[in-house]
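Visitor: fold the following.
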Amino acid sequence: MHEQSGLSNGQGDQMPSENGIVPPVTSNSNVVGGASAAKSELPATSDQPRKTNHSSSEGGITEAGSLLLNGSAGASHKSTKSKQMQVIDINKDLSALVAQQMLATPDAIALEDETTKLTYSELDQRVTALANRLRGHGVGRDNLVGVLLGRSANYVISCLAALRAGGAFLVLELAYPPNLLADVIDDAKPTVVITNSTQANQFNADIPLIVLDELGTDFYKSAEPVKGLSPLPADDDLERLAFVSYSSGTTGRPKGIANPHMAPVLSYDLRFRLSDLTVGDRVACNVFFVWEMLRPLLRGATVFCVPDEASYDPVALVDLLSRQRITETLMTPTLLAAVLSRHSDIASDLPDLRTLWFNGEVVTTDLARRAMKALPKTRLLNCYSASETHEIACGDIREIIDEEAPYCPVGHPMEPEHIYILDASGQKVDTGVPGELFVGGSLLARGYLNLPETTAEAFVPNTFDKSPGSRMYRTGDLARMLPSGVLEITGRVGAMIKVRGYSVVPGKVENAIIEKLAVKQCAVIAHGDGLDRQLVAYIVHDKEDPGDRAVPIVDEAGYSLVARRTLSTSLAQYMIPALWVELDELPTNRVSGKADVKKLPPPVVSISTIFNHTKTERDPRINIEAIAEIWAAALNVPFNSVTKEHTFFDLGGHSLTLADLATRLSREFGFLVPVSRLVVNPTLQGHLDVVLAVRDGHTAAVQADLPAVLRADCTLPESIQPAGKPVCSLEDAHTVLLTGATGFLGAFLLCDLLESTSARILCLVRFTDPKGEDAPAGVARIRKNLLDLGLWKDSILDRIEVLPGNLSHKRLGLGIGAYKELVDNVQVIIHAAATVNLVYPYAALRDANVGGTRKILRLAGQSGATLQYVSTNGVLPPSEKAWPESSMIEVDAVPDSLVDGYGQTKYVAEELVHEAGRRGMPVRILRCGTISGHSTSGSTNTYDLFTALLVESLHLGYYPDIAGWRAEMTPVDHVSRAITAISNNTQTTQRVFHLGDSNPVETKSLFDNLAELGYPAEPLEWEKWVSLWTQKRGSAKRGAGAFTADILRGGMPTVEFLKDITILGDEESKSALSALERPKIDVKLLETYARN
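Guide: Numbering: from 1, shown residues only. The predicted structure follows:
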């Protein structure tokens, strides 16, 4: 992936002149300059020819029209009408290519920002004037021109001017801390720096500056060409330096990546072959600005410069893209995820967007699926690149996506003959085998500025290319080539890690920590995923010789304000660890003696603490405590770690989590909180002030992010289609797949299947990293489950086969051979497995419950098997009356109507099953209510909340007196027999069946009946009952006493939760279950439960 390290990468353009003048393509204007600067040591190329144009002694710059018409660009254009080139000339440098386009489309709009709009002719005039000023400063071949500006039209003009002057531009970031900026300037030694007056004071007096906002309004109109300068380099000298961008290094000093013209020219040409541009296209350049800003100018399109403050604000960005009618842009996957979360109808918001590039991070299949659903008419292109190589592979996501894989491949290699996947001995591996990726060819950078040894380590001789001086770049990425010819990235070889699209070398951070802080040993790793991915520093304090280094004080939540503020002068914000762990010593590897990062303990972040301090209901009070709770949720940190002294960024916040915070604040308080206003004063008090101010302004309510995710997830991939086989009954099946056999209902289903069929029963048993040799352990888990419920018989082993797997994995976690055998044999699938948790949010349960169902449906489509999908009453909201079988709420109502993530995931899974049925697949949906214990044995679900309340009430002698609390429950043996009965019915066309209790009884009557049986309990109002229970039963440690006490210790329900039950009507289901008698919830059943 193209790496954004905060020290950005870029590309440039340049153009020569016969008379040594930097020529404008269509007009005349130039100025005079002065001093020159020392040159940096540039990595050498094979010959490094220093070509020049044949010229006179006059070295000023004229406009591109003069240049090209004089013949120095190697081509004569007969017309200056808006006629776009069909193919770029890869034998010309960037500046010449831009000049050609300026001649071809002088009146087309070339460049815009929010205050500037320039045609190609007007752009030519400005570039010429500034290039002449640069020539006056002595800029020539391989001289660097520093550019320290915000993303704007002036930024593009400055880079083009550097190239037209015969030099190269040096990318300087406004985000650099002073020490880092000084290091880069000292390393690169630019001849001159272009900046604004607000930044000019950051440079020493000996550095020549061009301060753009001090030049005056007439600068671009009245400038005269500079006389007496040396000739410009030839425009076919593609080995000449085009730009230098910096990336983080391991030694404490940044690395300047030096790119010649050949690399971006060839890169752009390859990308145009995949996705071309034309006059009228409008390309927004934002996150990888320097990389993207010149490409549209080679084809007559318009570059729109997205300002820095909008680049990472999903609301402001989409508003800008919409207003500017942008047709193409690039986003990191993380940024796109934030955009989709904030915009439920992004296709309507961006009707002009025809092409969207992904770069900077891997694209998850889940995000790709959401993007394809949200942007059906937009071409989605995944691009994998590096600053040292430019584009390596690109592909259309709709063509390369593998629905079963967690991540998308990166596409077909741009130059397949120069892609090498090697094993540890440096030999090529076979197709499908992973190895380290090396890249050869002509798109490589020269190397690293002033670092010959580092260059030699990264750019090694290419033993597979016999061309003189051929090299290949060691990417450090693990990759494999798929049989389809598509490249897949599988991980990292070396130490570089990715955090939210930024490349970080831990060694650089570790060196800075030891240098600036009183630390003698340190290890830095990345922890978490997606937006929650953070750097964690493990430190051993240097108590013997701290010197004048700051002592990093780490609080109980793992944060260190001292460390963050000390490091902020030498490291970019994204490189400063968010969490700190203090150790007596680092664990070491016995063989190497180096720190063993695999043995480092996890950082102290308690997920239970996070859930305990996440608001579940809207609090109308807008106060600092409410803001702190939302901070904790957005940052994924314990609530008690948030104090008034912290800033949002002190706790590990960044631009995208700030956008997430804005979403959470908006959703919590019911009105839009703009992310831009949260940046100004990122403290608790500052954010409270913003929320209060916005409230008083009566801004509109924000669209919550969850509906967009749900809508996308409800889409079943088109590749899942019916096999054309009819419904198969259990009686006719020779092979049945059962999921969930280690659960409560699954155990009884397994026994009923064994008793009522002759089929071989395959049991998919979950393992984190499933392997075939896990089968005995899977059998042991099933055996223990059945033993606990009194169901085990040794004869069961003769009929079952355990498949170690995982619903979240590709092919259900099975090997290719095992999965193929399953596809070839299975005839009925009973999918009863799910991750059940009424506290976890949708995202935490999504992979298993939604992704797992999607994979089961794929299996059903491939095999033609009949699917019996076990669902829940949780897909419908609480009700006074019973819901009929046909009931289903609208997806946009789900976030408000279904309060827990479990019900939300089951809703989406049902929608997928419904869609499969509409396509002709034989599927059934079997909705269960609360499943209670066995009607005769009394064996019960040890995790059932109602059972826990019942048993604990009998222990206390008191039960909760809650008006309207009803006991909705169905014995597990009836539910299991109902599922097998429906699975044997091939005649019905009914798809949804209700297996719950359609007429639940009042809980008070249950306790009255129990009292008659000798289990007396008195009513007690809820708050007093909870207090008494806590005193008598809940104060013991977890694990002490009955399991039912542990259930309540894990989380006491609310009165509303107990009263709000969902009742399933069963009028349409009765005929299919007419042969079964539902056990009554009466004294006899209660006595069975109480006794057991």
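
Visitor: from here on, just use CA atoms for contacts and neighbour counts.
Guide: Will do.

Visitor: count the neighbours of Asp584 for me.
Guide: 9 (other C-alpha atoms under 10 Å).

Visitor: which residues touch the nearest residue in space to it that is not next to it in sequence?
Guide: Distances taken as C-alpha to C-alpha, 6 or more residues apart in numbering place Val540 nearest to Asp584, at 5.8 Å, with adjacent residues excluded. Contact analysis of Val540 by C-alpha atoms under 8 Å, 6 or more residues apart in numbering lists 519-522, 582-586.

Visitor: can you check Pro1019 too?
Guide: Pro1019 touches 958-961, counting by C-alpha under 8 Å, 6+ apart.

Visitor: top of the residues you listed by neighbour count?
Guide: Going by other C-alpha under 10 Å, Tyr959 tops the contacts of Pro1019 with 25 neighbours.

Visitor: that one reaches Ala1011, doesn't it?
Guide: No: using C-alpha atoms under 8 Å, Tyr959 is not in contact with Ala1011; the gap is 11.3 Å.

Visitor: overlap of the contact sets of these two?
Guide: By C-alpha under 8 Å, 6+ apart, the residues touching both Tyr959 and Ala1011 are Ala1017.

Visitor: circling back: just the buried residues of the contacts of Val540.
Guide: Among these, the ones that count as buried by 16 or more other C-alpha atoms under 10 Å are 519-522, 582, 586.

Visitor: could you export those as a markdown table, including distance to Asp548, pLDDT and secondary structure?
Guide: Output for the buried ones among the contacts of Val540, formatted as a markdown table (distance: C-alpha to C-alpha, whole Å; pLDDT from 0 to 100; DSSP: H, G, I helix; E, B strand; the rest coil):
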| residue | distance to Asp548 | pLDDT | secondary structure |
| --- | --- | --- | --- |
| Val519 | 12 | 87 | strand |
| Lys520 | 14 | 79 | strand |
| Gln521 | 17 | 78 | strand |
| Cys522 | 18 | 85 | strand |
| Glu582 | 20 | 89 | strand |
| Leu586 | 23 | 76 | coil |
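
Visitor: can you confirm the residue nearest to Asp584 is in a strand?
Guide: Yes: under DSSP: H, G, I helix; E, B strand; the rest coil, Val540 falls within a strand.

Visitor: does it have beta-bridge partners, and which?
Guide: In this entry, Val540 is beta-bridged to Gln521, by DSSP bridges.

Visitor: and it, what pLDDT?
Guide: We have a pLDDT of 86 for Val540.

Visitor: list the contacts for the nearest residue to Gln827 once chain neighbours are set aside?
Guide: In space, not counting the residues next to it along the chain, Gln827 is nearest to Ala865; the distance is 4.3 Å by C-alpha to C-alpha, 6+ apart. Ala865 sits next to 725, 727-728, 826-829, 859, 922 when contact means C-alpha under 8 Å, 6+ apart.

Visitor: run the last query once more with 10 Å
Guide: 722-728, 733, 735-737, 823-829, 857, 859, 921-923 (C-alpha atoms under 10 Å, 6 or more residues apart in numbering).

Visitor: swap in Leu954?
Guide: Contacts of Leu954 (C-alpha under 10 Å, 6+ apart): 1007, 1010-1011, 1015-1018, 1090.

Visitor: in the stretch 951-1092 of the chain, which spans are strands?
Guide: For the stretch 951-1092 of the chain, applying DSSP state E, counting those that start in this stretch gives strands covering 958-961, 966-967, 970-971, 992-994, 1001-1002, 1018-1021.

Visitor: could these be laid out in TSV, adding mean pLDDT?
Guide: Listed next are the strands of the stretch 951-1092 of the chain as TSV, based on pLDDT from 0 to 100:
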stretch	mean pLDDT
strand 958-961	94
strand 966-967	88
strand 970-971	94
strand 992-994	97
strand 1001-1002	89
strand 1018-1021	94
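
Visitor: of all those, which one is nearest Cys383?
Guide: Closest of the strands of the stretch 951-1092 of the chain to Cys383 is strand 992-994, at 43.6 Å (criterion: C-alpha to C-alpha).
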